[in-house]
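Asks: Need the 3D shape of this:
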Amino acid sequence: MKTKPEEIVSILREEIQAYDTRVRRDETGTVLEVGDGIATVYGLDKAVYGELVELDTGVKGMVMNLARDSVGVVLLGSDAGVREGTVVRRTGHPADVPVGDGLVGRVVDVLGQPIDGLGPINATETRPIEHEASSVVSREPVNVPLQTGILAIDAMVPIGRGQRELIIGDRQTGKTAIAVDAILNQKGQDVICIYVAIGQKASTVARIQDTLKKHGAMDYSIIVSSTASESAPLQYIAPYSGAAMGEYFMSKGKDVLIVYDDLSKHAVAYRTLSLLLKRSPGREAYPGDVFYLHSRLLERACRLTKEYGGGSMTALPIIETQAGDVSAYIPTNVISITDGQIYLENDLFFSGQRPAVNVGLSVSRVGGSAQTRAIKKTAGTLRIDLARFRELEVFTQFASDLDPATQQALDHGRRLLELLKQPLYHPMPVSRQAMILYVATNGLVDDVPLDKVRSFVLDFAQEMEQEHADVVDEIESTGNLSGPAIETIRSVLEDAKKRVSATWQA
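Replies: As a prediction, this is how the structure comes out:
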């Protein structure tokens, strides 16, 4: 069938009208050398720090170093196929990650791609990995508690929504366990939890995912994983990716809890990058800007005013010490950035005191502002009593004859320590914490044998929850311990003592 001349003219006219006459210009460069996940690129004269670039091989990179005649690009993927002469294109926008509700319940890599085998993620938005922290004007004071469910922490080192509380200690002292307990305790609290694994073993990340799934916590959690087998650039951007995901929810008015596990490995990854980029090493071979590295990350955690969304992001960074040395470079850096620290001690851990929180070195710079009234009221003397016990314990370890007051203080302290012991993955609700703290700090269980005190108090708390649900509901709803509630607690405790005192004597 022949095409009519007028049809040809019509088609040509449409093509001419639709023709884009704008000049498109791509700024490209070429790779001079590549190795260890770093590419030195010539020709990207107008590239900016943190910009995303694309290589001919399909892999993406981020500009990390700006020299006079070249730029240093960290590769966000495999360097297979990248060689001298490979073409690199500027994208003109910063490195970003997908964000949104589709990420909740998933395990993703640092670029937001799923690695849990559950199919693609539907994310309609992206946020830049590096983002300026919220200004002072947009911040609200930290005065809303974020309960960890761990009695020793909620009573003595309280954490508020929008706070940055460091968890610090030697390896294998229970740092990650505290963070996981805090995540488990957010069930039903409308808090989105993000766990960022930096340089961890893949088996460790899988175990944490399994724990969260078993306790129903993956329904409100995201795991961002950059394992030890991945390159230094991917480990370096992992916490920033997690922070970007958290900021999305914070901007929507939600509360977020983010765990960085751990920033010691993050600093090591950055040191690796810096030395490969030929930056001058400084103290302990870390470059001079390693403080800025963590400060710009942790400053992103805050509580926003209603005008700016009203959400919050609470950060729990983890730092690993060597032989308890908190005066090393990276620990002192992060201690000075955060609003307090939870210090876990080796000796306490191996003596069976778990969580092994050292009360003397642990501190919260938010303090009682981030506690419910019930906990604040009942935990008032706890820290002082424990400090007094520690002091007396040191001075009396060689004494055989003690006066009654000293003996009573020691017995009281030992019972407090027993009640602060808590099994793994068993966070406590506020009501149970308040009841246990009340009977402990007021010396109401000082006549209970030391080896029976913990089981007795837990049975008492369970009886209160079953027989006096109205008292429990009152504490949970009001956050206060009223006079009638205290009377009920005292009478139930005395009845329980009478019932089981015969078995103690036997």
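
Asks: in which helix or strand would I find Glu474?
Replies: For Glu474, the element it lies in under DSSP states H and E is helix 469-478.

Asks: Going by neighbour count, list what's buried in that helix.
Replies: Buried positions in helix 469-478, judged by neighbour count with 16 or more other C-beta atoms under 10 Å: Val471, Val472, Glu474, Ile475. No exception for glycine: its C-beta is placed from N, CA and C like everyone else's.

Asks: Equivalent analysis for stretch 421-430, please.
Replies: Gln422, Pro427, Met428, Val430.

Asks: buried ones in stretch 277-290?
Replies: With burial defined by 16+ other C-beta under 10 Å, the residues of stretch 277-290 counted as buried are Leu277, Arg279, Tyr286, Pro287, Val290.

Asks: Stretch 340-351 now?
Replies: For stretch 340-351, a neighbour-count test (16+ other C-beta under 10 Å) marks Gly340, Gln341, Ile342, Tyr343, Leu344, Glu345, Asn346, Leu348, Phe349 as buried.

Asks: ok, those residues vs Ala182, which is closest?
Replies: The shortest distance between Ala182 and any of the buried residues of stretch 340-351, using C-beta to C-beta, involves Ile342 and amounts to 10.3 Å.

Asks: And the closest one, how far from Ser226?
Replies: In this structure, Ile342 lies at 24 Å from Ser226, with C-beta to C-beta, to the nearest Å as the measure.

Asks: cool, and Gln353?
Replies: Taking C-beta to C-beta as the measure, Gln353 and Ser226 are separated by 33 Å.

Asks: Looking at those two now, which is surrounded by more residues?
Replies: Summary of the neighbour comparison: Gln353 and Ser226, criterion other C-beta atoms under 10 Å, with Ser226 having more neighbours (29 against 17).

Asks: For Arg383, identify the helix or strand it belongs to.
Replies: With DSSP H and E as the criterion, Arg383 is inside helix 382-396.

Asks: Quickly find the element holding Gln186.
Replies: In the assignment (DSSP H and E), Gln186 maps to no helix and no strand.

Asks: Just give the number of residues close to it.
Replies: If we define neighbours as other C-beta under 10 Å, then Gln186 has 23 of them.

Asks: give me phi/psi at it?
Replies: Dihedral angles phi and psi of Gln186 (degrees, to the nearest 10) take the values phi -90, psi 0.

Asks: which strand residues sit across from the nearest residue to Ala301 once chain neighbours are set aside in the sheet?
Replies: Using C-beta to C-beta, 6 or more residues apart in numbering and skipping residues adjacent in sequence, the residue nearest Ala301 is Ala315, 3.8 Å away. With DSSP bridges applied, Ala315 shows beta-bridge pairing to Arg164, Ile258.

Asks: Can you verify my assumption that Ala315 contacts Glu299?
Replies: No. Under the contact definition of C-beta atoms under 8 Å, Ala315 does not touch Glu299, with a separation of 9.5 Å.

Asks: Tell me which of the two has more neighbours.
Replies: The residue with the greater number of neighbours, taking Ala315 and Glu299 and applying other C-beta under 10 Å, is Ala315; the counts read 29 against 15.

Asks: Quick check: that one vs Lys377, distance?
Replies: Ala315 sits 28 Å away from Lys377, going by C-beta to C-beta.

Asks: So in the protein, which helix runs the longest?
Replies: Among all segments of the chain classified by DSSP state H, the helix with the greatest residue count is helix 483-505.

Asks: and that one, what does it pack onto?
Replies: Other elements packing on helix 483-505 under the criterion 3 or more C-beta pairs under 8 Å, 6 or more residues apart in numbering; DSSP states H and E are helix 430-441, helix 453-467, helix 469-478.

Asks: how far out from the middle of the chain is the shortest one?
Replies: What that stands for is helix 469-478. A distance of 29 Å separates the C-alpha centroid of helix 469-478 from that of its chain, computed with C-alpha atoms, centre = their mean, to the nearest Å.

Asks: Mind listing residues that contact that helix?
Replies: Under the contact criterion C-beta atoms under 8 Å, 6 or more residues apart in numbering, helix 469-478 has outside partners 373-374, 429-432, 434-435, 464-465, 480-482, 485, 488-489.

Asks: Among those, name the buried ones.
Replies: Buried subset of those (neighbour count, 16+ other C-beta under 10 Å): Ala374, Val430, Ser431, Arg432, Ala434, Met435, Met464, Glu465, Leu481, Ala485, Thr488, Ile489.

Asks: May I see these organised as CSV, with distance to Tyr260 added?
Replies: Conversion of the buried ones among the contacts of helix 469-478 to CSV gives the following (distance: C-beta to C-beta, whole Å):
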residue, distance to Tyr260
Ala374, 31
Val430, 26
Ser431, 31
Arg432, 29
Ala434, 30
Met435, 34
Met464, 37
Glu465, 35
Leu481, 35
Ala485, 39
Thr488, 42
Ile489, 39
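
Asks: now, which of those sits nearest Arg415?
Replies: Within the buried ones among the contacts of helix 469-478, distances to Arg415 taken as C-beta to C-beta reach their minimum at Met435, with 15.3 Å.

Asks: Run through the residues that contact Ala217.
Replies: When the contact criterion is C-beta under 8 Å, 6+ apart, the partners of Ala217 are Ile183, Leu184, Gln186, Lys187, Cys193, Thr211.

Asks: nope, Gly169 is what I meant
Replies: Gly169 neighbours (C-beta under 8 Å, 6+ apart): Lys175, Glu320, Thr321, Gly324, Tyr343, Leu344, Glu345, Asn346, Ala356.

Asks: same deal with Asp446?
Replies: Residues in contact with Asp446 (C-beta under 8 Å, 6+ apart) are Gln408, Asp411, His412, Arg415.

Asks: Now do the third one: how many residues are near it, please.
Replies: Right, His412. 18.

Asks: In terms of helices and strands, where is it?
Replies: Under DSSP H and E, the secondary-structure element containing His412 is helix 404-420.

Asks: Now find how far off-centre the helix or strand hosting Ala243 is within its chain.
Replies: Using DSSP H and E, the element containing Ala243 is helix 232-251. Its chain's C-alpha centre lies 12 Å from the corresponding centre of helix 232-251 when counted by C-alpha atoms, centre = their mean.
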